[in-house]
Structure formats: C-alpha cells, structure tokens
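Student: What follows is a predicted protein model with its sequence.
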Amino acid sequence: MSESDIAAAFEDGPAFVPYLTAGDPTFESSIEYVEALERGGADVIELGLPFSEPIAEGPTIQQAIVRSLADGMTPVRFFEFVETLAVDVPLVCMTYYNLIYQYGEEEGPRPFVERAAAAGVDGLIVPDLPVEEAQPLRTACDALGVDLIFIVAPTTTDDRLDPLLEHSSGYVYVQARLGVTGARSDVSDHTSHSLDRLKGYDLPAAVGFGISTGEQAGEIVAGGADGIIVGSALVDIVADGYENDLSVEETADRLEAKANELTTGITEQGQPRSERL
Amino acid sequence: MSETFGRYGGQYVPEALMPALEELTDAYQRYVLNNEDGFMDEFRQRLETFGGRPTPLQRAEQLSERYGTEVYLKREDLVHGGAHKLNNALGQVLLAKYMGKERIIAETGAGQHGTATAMAAAHLDMPCEIYMGRTDTNRQRPNVFRMRLNNAEVTPVDIGRGTLKEAISEALRDWAHTVETTHYVIGSVVGPHPFPQLVDAFQAVISAEIRDQLRERTGALPDSVVACAGGGSNAMGTFHHFVDEEPVDLYAIEAGGSSLEVDQARGVAPNSASLTTGTEGVLHGARTRVLQDGHGQIMESHSVSAGLDYAGVGPELAHLVETGRVTPDSVGDDTALAGFHRLSQTEGIIPALETSHAIGWLEEATPEQLGERVVLTVSGRGDKDLETVLEETAERDIPAAPQMNVFSNPTTGGDGNE
C-alpha cells in the first residue's frame, strides 16, 4: 500500500502541524494566515471547519469558530477555501460529524469525503467520532484515499488502543492532557506515558493540546513525539490581530514568526523518524 | 446492551470521554438493572422520604367536564423541588456516589434540573457545579438563588445565545478534563449512551405509579397519555410502562414557539419542535432529530418555556415517533399561555410553562384522540415562570388571562389588559 502524503510528511524528522480555523476572521485574511504557516515551516496543516456546537474546543477556538461562522463560513465555502490556498503541504480538515453527515444529497459521509478529496484535503480529524461510530466514514475515506486521524486521550484505556490505531491512518493525534483545546504553560506528564504506549505501533504520533512555545515543542519531541500540533497559541495571534485592528500583513508576519519559533524548537531537538525506529 | 434505538442514539463524543461512558454503562447495568448493593432499594427509599413520592394521580374535575372525558393529572409538580427532575437527579447523584465519584456537574436550562441536582448533591453531600446559559440565568433568577442556597456553584455560559444548548456543550467540556473524579448528571434523556437509558430508568417511576394508581381507581388502562416534551425526560418517564400497551395512545407535545417556519438564512427556528419539524442529525453525543440548517449547523431554538427550548430531543423518543408508537404534536406560545391560565383557574394548580403546552393541547385535541380516559403529567409547578407569564400575557390577547394591572406594576400593565 502506498504511503499517504501525510505519513510522508513525518519521514524527515519530527513534523510541525499547526491548526487554524478556516475563515477566521474572514475568508481572505485566513488564506494569508494559512500560507504564512507554511512559510514558517509547517509540514502538515490542520484546518478547522467550524461547527456551531464544538464540544471539544476551549474558549480560544470557540471564539475563532464564532468569528468564522459570522463571516459566512460553510462546508461549501470551506472547500473553496482549500482550493484557493497556495500551499504544498498536506491538509487535514478538522470538523464535527454532523457537518460531514449532512453534506450532499446522498445519505452518509461519502459525499463529504468525495468533495474533500477533490478539493485537495488529505485527511480528516473528527473529535466527536470515536472508533465505535466511525465505520461508515472509515469506509468512505479508504475508498477515496483520505486519511482518517484518531485521537488518543490520556484516559484511553489499553484495550482501546488496538482498535483505535487500527482505524487511524496518516498519524495519531496524542492528546497531551485532559480537557479541551487551549494553550497552557505546563504540558502534562500524561504525554510521555501516552508516547510509551504507542511505541509498538507504526503510525507517527503527533502531540497536541496546550503547546505554545518552541521550548515546549522541543521538550516533547525530545520525549519521543513524531510531531507537534499547535492550535490555540496560533489562534490567539489571529484573535489579537482582530481585536487590535492589526493589518493582515502584520498578523501574518506574527504567525510566521511563531511558526518559525516552533519549527526551530522541534528541529533542534528532533531526529528523523527513520533514525529513531 | 444495545446502544441505539433503531437508527437513533449512539456515542458521538470525544475519545477522552469514551472510557467514562464505558464505566457508566457498567455501573448502570450493575446498580440500576441488577440492584447491586441494594442501589435501587436505596434510590426508591430516598425518593419516598426526600422526594415525596409517590405523587398523586388526581382526577381533574373541571377539565373532565370541559372535555367530556375523564382527565387525570399526574402531579409531578408535587415532587420535592417542584418538578419531575428530582427523580433523575437523585438517581444519578446517588449512582455517582456508588461509583466513587467525588464531584457532580450538570447543565440546566430553566433551572429545574440544576435546582434538582443541587438539592440532591446537598442531600448526599457531594460538591456540585451547575452550568447555565447567561440568558437563562437572567430569565430564571429564582432558580439561580435556589442553587446557590444549596451550596452549588453556578457558572454562567456566555457563548452563543446562552441557553440550554450552550450549557450542555460547556458541561461536556468540563467533563472532558475532570472525567476521572466527576460525574456529569445530564438532565434529560439526551446525550450519548447510556444516558438516555439511564435517565429513562430513573424517570420511569412516573408511569409505574400512573399505571398502578389508575388500575386501582378504575381497573383499566388509560386511552391516551399526554406529556410535554423538550429533551423528553418527562415524556419518556410518563410513557415508559405504556409503550408495550398498544391500545394506549401516547402524545408528546412540543413547543411550537411563535411559528413552525424556519429562518434558514439567520439559522433561527422560532420553535423547539424537533420531533415535529426536525431532521436526523448528530448533537450532543447522539444521533437524533435536531433543528438544523441545510449545512448541518444547529439552529437557535425558541420557546416561551425555557425548559422546552432545545434544538434536539432524546433518541428513544425520536425512534418511538419514527415507528409510529408516539404521536408528536406541537403547541405554540399563545396556546401554552392560555393553558397556563386555564389550569390555574379551573383546577387551582399553577403549572410550569412546559406543562402548559400539554394542557393547551387538550383544547386542540379531538375527542377521538383523548378517548374516555386521559392521563396528563403535570411535569412541574409554575412558580419559576410567574414573571415570564405576566410579561408574555401582557403582550398578548389571552382569553382566559386575569386582569393583573390592579397592582400598577408597569411590567404587567400592558394594553391588552386595560
């Protein structure tokens, strides 16, 4: 089986995987912001497709979702957004199951996955879809060559790991601590425990939830992570630009600088995955 | 144990919560279904001594005469706290104790579930935090005070429109980082498996008592059973023991709000009638019928009754409607307000605005629908709704409404009453 573009992005050393909510605060500015992340060293980019009831998100990303929805973001616009982006790295769409399920005329998740694949989306993360409910989406993703990324939580029991990793492709999202998304100054020691548990599996393990500095990113990579996912710390920069009326260029520059800091933190500590296996 | 009801139900939650749902499912089977450690015995005993059960089944004399049929009222307004909500809250807080949890969280809309949970938590000596939308804290202030008096923390939720939908989302977020020590007492037959079955099991006492009380009184089953439905815990509790009794017609009355028409562009449904007008979707952990726009975004719902103001409904109720066992209908704000005044005047019972929808429906129902014996559950008492009722009545022409302007309060002196 050929390796996906997403899995390949983890081959040359630990990957930097930033997240932004697509369309926050507007369609046009958000395009600039995502492209700035690539210039700052992103290996894979996660794009949030906003849902009105984001039960897994903390206040920072909730507000990003409110701004994006207010600007008129919809699943239809989201795919136009992806098609407008001029980036070469793999893209992952992070959204909630109801939007996937409702898309298109035909019942089930396949129309959404078809459209996503056509637009250039390489993978999906669906925070409210545990493996127990995921078979229809897994089948559609397999048929269309789209990765489906599952989250391993600190509470995930050992007997859930096998089915979870079996269903996951591209990478596995290691939730560093309990709770919702949001930048924190400390990163839980759940992380090293989770990474230890995943050592026997082939999939790259990317750690997210609460990472905001290059130093933290470096520590987690030194602890064995194959990638670092950063969301709220970047969304904070978008929010700050929005609230203080900064120009799109200035906010984009700040995002690029933050991405650079995180990339540097990762590469200083990290070795290529091939040398660690 | 099945996790679904036909095509509805399931567990659409973050992975972090899945182990907690497995633990809760295990506890539900052991303690609730198998009465391990005498859990159900203790629950029933506390329902009696703390909760005031059994509640009466009362023949409503004026309504019986008005509709030419025997109308019985199941008086859940007489449960401690003034609503059926305590049945579930007491059961779940007790279950949390048996499970060794140290903290209780809950969401609340009208505040009835929040006050019931706060009472149960105080009674069973558990710390308790209640999430409540900011809009609801403003329109249900007495219930905020009651929760605080029972020593519960009340945390307002500012995101969105600040009602029940947002409060549930926020409670789920809390649970996602406190799951190891905390039990989330969900307030209705909604959410991921096993919550819909668990809440139904605790509310089923309503229909068990109705069946026994009516049999003792008349030796017969009712022809029809009527309950208001928001999330559906009152309806499921009232229907539970009649679902397998085919001759008994079951009516779930939803809030029709100001209109059943939906404003797609603004994402607003001026009603809460998810059984009558909703479509299949995934909300708050379950596949069910929801009010949503064409993209799948959940709509802002509306009802004069905060307790019915919710864009989803319990998956089992959705399933019973789909199979034709339960007949859904809706009643708008005006008819519900008229029902409120009618029950207050003719029977001396001030009902909750939620209940008032079922009362209002009696006026619109056909004699064939009602049959010879009707049971209607008075899900709660209306003290919490007095301010809303006076304001809303003043804005409308409600035939049965009394004149209130004698008190010269500007909020009650609308033109309609001059």
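Tutor: Cool, got the structure.

Student: so residue A:55 sits in a helix?
Tutor: No: counting by DSSP: H, G, I helix; E, B strand; the rest coil, residue A:55 is not part of a helix but coil.

Student: what helix or strand is residue A:200 on?
Tutor: Using DSSP states H and E, residue A:200 is not contained in any helix or strand.

Student: Nearest residue to residue A:112 in space, please, no chain neighbours.
Tutor: residue A:103 (3.8 Å; Cβ to Cβ, 6 or more residues apart in numbering or on different chains). For glycine as for every other residue, the C-beta is placed from the backbone atoms N, C-alpha and C.

Student: Might you report the residue contacts of that neighbour?
Tutor: Counting by Cβ atoms under 8 Å, 6 or more residues apart in numbering or on different chains, residue A:103 touches A:75, A:109, A:111-112, A:115, B:295-296.

Student: same question, residue A:221
Tutor: By Cβ under 8 Å, 6+ apart, the neighbours of residue A:221 are A:14, A:228, A:265-266, A:269-270.

Student: Any idea how many residues pack against the residue lying closest to residue B:93 once chain neighbours are set aside?
Tutor: If the residues on either side of it in the chain are set aside, residue B:93 comes closest to residue B:120, at 4.1 Å by Cβ to Cβ, 6+ apart. Residues contacting residue B:120 under the criterion other Cβ atoms under 10 Å in any protein chain shown number 30.

Student: Run through the residues that contact residue B:120.
Tutor: B:86, B:89-90, B:92-94.

Student: switch to 6 Å and redo it
Tutor: B:89-90, B:93 (Cβ atoms under 6 Å, 6 or more residues apart in numbering or on different chains).

Student: Please report how far it lies from residue B:196.
Tutor: 20 Å (Cβ to Cβ, to the nearest Å).

Student: what does residue B:227 give?
Tutor: 16 Å.

Student: Could you do residue B:399 as well?
Tutor: 39 Å.

Student: Looking at those two, which is more packed in?
Tutor: Using other Cβ under 10 Å as the criterion, residue B:399 and residue B:196 rank with residue B:196 on top: 32 against 9.

Student: circling back: quick check: phi and psi on the residue nearest to residue B:93?
Tutor: Backbone torsions of residue B:120, given as degrees, to the nearest 10, read phi -60, psi -40.

Student: In contact with the residue nearest the centre of chain A, which residues?
Tutor: Relative to the mean C-alpha position of chain A, the nearest C-alpha, by Cα atoms, centre = their mean, is the one of residue A:46, at 3.5 Å. Contact analysis of residue A:46 by Cβ under 6 Å, 6+ apart lists A:19, A:92, A:94.

Student: list the buried ones in stretch A:227-244?
Tutor: Within stretch A:227-244, the residues that qualify as buried are A:227-239, A:241-242, counting by 16 or more other Cβ atoms under 10 Å in any protein chain shown.

Student: Greatest separation within those residues: which pair is it?
Tutor: Greatest spatial distance in the buried residues of stretch A:227-244: A:227 and A:242, 27.9 Å, computed using Cβ to Cβ.

Student: just the contacts of residue A:103 now: which is nearest residue A:193?
Tutor: residue A:109 (32.6 Å).

Student: Return the per-residue confidence for the closest one.
Tutor: For residue A:109, the pLDDT comes out at 97.

Student: Please state the backbone phi and psi of residue 57?
Tutor: I went with chain A, as the question did not name one. Torsion angles, degrees, to the nearest 10, at residue A:57: phi -100, psi 140.

Student: Not quite, go with chain B.
Tutor: According to degrees, to the nearest 10, residue B:57 has phi -110, psi 110.

Student: Next up, the contacts around it.
Tutor: Applying Cβ under 6 Å, 6+ apart to residue B:57 gives the contacts B:72, B:74, B:213.

Student: ok, and of those, which contact chain A?
Tutor: Of the residues in the contacts of residue B:57, proximity to chain A by Cβ under 6 Å from any Cβ of the partner chain holds for none.

Student: ok, and the most crowded of those residues?
Tutor: Greatest neighbour count in the contacts of residue B:57, by other Cβ under 10 Å, goes to residue B:74: 29 neighbours.

Student: host element of that one?
Tutor: Per DSSP H and E: strand B:70-75 holds residue B:74.

Student: Tell me the residues of the stretch 1-150 of chain B that contact chain A?
Tutor: B:10-12, B:14-16, B:18-19.

Student: Count the neighbours of residue B:165 for me.
Tutor: Neighbours of residue B:165 using other Cβ under 10 Å come to 28.

Student: cool, and residue A:111?
Tutor: Residue A:111, neighbours per other Cβ under 10 Å, totals 17.

Student: ok, the closest residue to it other than its chain neighbours - how many residues close by?
Tutor: Excluding the flanking residues, the one nearest residue A:111 by Cβ to Cβ, 6+ apart is residue A:104, at 2.6 Å. Residue A:104 sits with 16 neighbouring residues when counted by other Cβ under 10 Å.

Student: what about residue A:104, which helix or strand?
Tutor: Assessed by DSSP H and E, residue A:104 sits outside every helix and strand.

Student: I figured it hits residue A:110, correct?
Tutor: No: counting by Cβ atoms under 6 Å, residue A:104 does not reach residue A:110; the two are 7.8 Å apart.

Student: quick one: secondary structure of residue 170?
Tutor: Answering for chain A, as no chain was given. Going by three-state DSSP: residue A:170 is coil.

Student: Could I get the full set of strands for chain A?
Tutor: Taking DSSP state E to define them, one finds strands in chain A at A:15-21, A:45-48, A:91-94, A:123-125, A:147-149, A:151-152, A:172-175, A:205-208, A:227-230.

Student: Out of the ones you listed, which is closest to residue A:3?
Tutor: Comparison of the strands of chain A against residue A:3 by Cβ to Cβ identifies strand A:147-149 as nearest, at 10.4 Å.

Student: helices and strands around the closest one, which ones?
Tutor: strand A:123-125 (3 or more Cβ pairs under 6 Å, 6 or more residues apart in numbering or on different chains; DSSP states H and E).

Student: Pull the contacting residues for residue 237.
Tutor: In the absence of a named chain, chain A is used. Contacts of residue A:237 (Cβ under 6 Å, 6+ apart): A:254-255.

Student: not quite, I wanted chain B
Tutor: Applying Cβ under 6 Å, 6+ apart to residue B:237 gives the contacts B:203-204, B:206.

Student: Excluding sequence neighbours, find me the nearest residue to it.
Tutor: Among residues not flanking residue B:237 along the chain, residue B:203 sits closest, at 2.8 Å (Cβ to Cβ, 6+ apart).
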